[in-house]
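Trainee: just coords:
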């Protein structure tokens, strides 16, 4: 297992290096000009040449890549060095945690909603199943900016009223970054705790957690922690602001979970042990949720790992469409200002997160199935 994990880690690092080089070349080719281009309006030709030489922009492309990679490894994201003009590290951190908050919240809701509706669609194959399948296909093919714009128009005035009722002051700067990080990590930890608890309860009792109950449990655990540290009102205010991108991402993501769960459930329902459970006269809901449902989950998780880059790309587009101050908005702002280092920082964050999640999923699959990590 350790050798398998080491091999996958090595492959992941090599893949990340290849990804960063390809992105570096594409950014250099696709973004017209460079970081000095906007300065041509108020600098002379000699001053522009000196500035390009100082920043290393007159050097060959491979040399600029090595300098940028060195600055990233030694100084971290948002660094400023020869050949690089990084973005503000605090701004980058705030945008990253803002995206993480929306991603964790909306993905959890989309998974719970999509997996539950997928089980229902596979169990009820007539009008209900057809209707739910059509709903999944419809939401999966929606245009992200349109969804964000429509939700913004419908909810903008109502959200202003809700924020006034909460009376929470807008948090900025370092406090906002810390609050976003706390909220994202708390929601992730609460989801893991509730998921492990639900699995233990399902194994040792006859009680089965439904999606709505799991969501309420996660909200209660996270809200209780926020209240204990005195950040509940500010956290609720940020959640209200994040409601539009969160709902838009849920609408676009849950359809994929629904369709994959329905297909996986249809394959599980034909297995002999399901027919045996039905023949014993077990309640239909118990057969669906306790016997068929858990065995249909692995393909859904595998699909999530494969589709993670597309989910992140959709999140970037939604954030830009609804002006949520996350990595998506910051990415388009960096491209508009021709800030290549900041653009690369954001792309590396997204690519690194994707590869890390895939590596964790592969190791977990090898732990569950020893045949995967066994040498050929």
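Mentor: Nice, thanks for sending it over. On a predicted model such as this, the values are computed, not experimentally measured, just so you know.

Trainee: What is the helix or strand hosting residue 233 packed up against?
Mentor: Here residue 233, judged by DSSP states H and E, is contained in helix 232-241. Packing contacts for helix 232-241, counted by 3 or more Cβ pairs under 8 Å, 6 or more residues apart in numbering; DSSP states H and E, involve helix 144-166, helix 173-204, helix 211-228. Quick note: C-beta positions are derived from backbone N, CA and C, even for glycine.

Trainee: mind listing what's buried in the second one?
Mentor: What that stands for is helix 173-204. 176-177, 179-188, 190-191, 194, 198, 202 (16 or more other Cβ atoms under 10 Å).

Trainee: Which secondary structure element is home to residue 230?
Mentor: If you go by DSSP H and E, residue 230 is not part of any helix or strand.

Trainee: tally of neighbours for it?
Mentor: Using other Cβ atoms under 10 Å, residue 230 has 8 other residues around it.

Trainee: tell me the phi and psi of it?
Mentor: The phi/psi pair for residue 230 (degrees, to the nearest 10) reads phi 70, psi 30.

Trainee: Check residue 328 too.
Mentor: According to degrees, to the nearest 10, residue 328 has phi -60, psi -50.

Trainee: Which residue is the nearest non-sequential neighbour of it?
Mentor: The spatial neighbour of residue 328 that comes closest, neighbours along the chain excluded (Cβ to Cβ, 6 or more residues apart in numbering), is residue 319 at 3.0 Å.

Trainee: roughly how far apart are that neighbour and residue 231?
Mentor: 23 Å (Cβ to Cβ, to the nearest Å).

Trainee: Also residue 205?
Mentor: On the measure of Cβ to Cβ, residue 205 and residue 231 end up 35 Å apart.

Trainee: Comparing these two, which residue is more hemmed in?
Mentor: Each of residue 205 and residue 231 has its neighbours counted (other Cβ under 10 Å); residue 231 has more, 20 against 8.

Trainee: can I assume that one is in contact with residue 179?
Mentor: Yes - between residue 231 and residue 179 there is a contact under Cβ atoms under 8 Å: 6.1 Å.

Trainee: hmm, back to that, and of the helices and strands packed on helix 232-241, who's closest to residue 93?
Mentor: Nearest to residue 93 among those is helix 173-204 (5.3 Å), distances taken as Cβ to Cβ.

Trainee: Let me know the angle separating the closest one from helix 211-228.
Mentor: The directions of helix 173-204 and helix 211-228 differ by 140 degrees, with axes from the mean of the first three to the mean of the last three Cα atoms, to 10 degrees as the criterion.

Trainee: Rounded mean pLDDT for helix 173-204, please.
Mentor: Confidence for helix 173-204, expressed as mean pLDDT, is 82.

Trainee: Please name every helix or strand in contact with it.
Mentor: helix 89-123, helix 211-228, helix 232-241.

Trainee: and that helix with helix 232-241, angle?
Mentor: Going by the same axes, to 10 degrees, helix 173-204 makes 90 degrees with helix 232-241.

Trainee: and helix 173-204, how far out from the chain's middle?
Mentor: Computed by Cα atoms, centre = their mean, to the nearest Å, the chain-centroid distance of helix 173-204 equals 15 Å.

Trainee: again with stretch 292-308
Mentor: 16 Å.

Trainee: Stretch 70-79 too?
Mentor: Relative to its parent chain, stretch 70-79 has a centroid offset of 24 Å by Cα atoms, centre = their mean.

Trainee: same thing with stretch 112-120?
Mentor: 20 Å.

Trainee: What about residue 259, how many residues nearby?
Mentor: 23.
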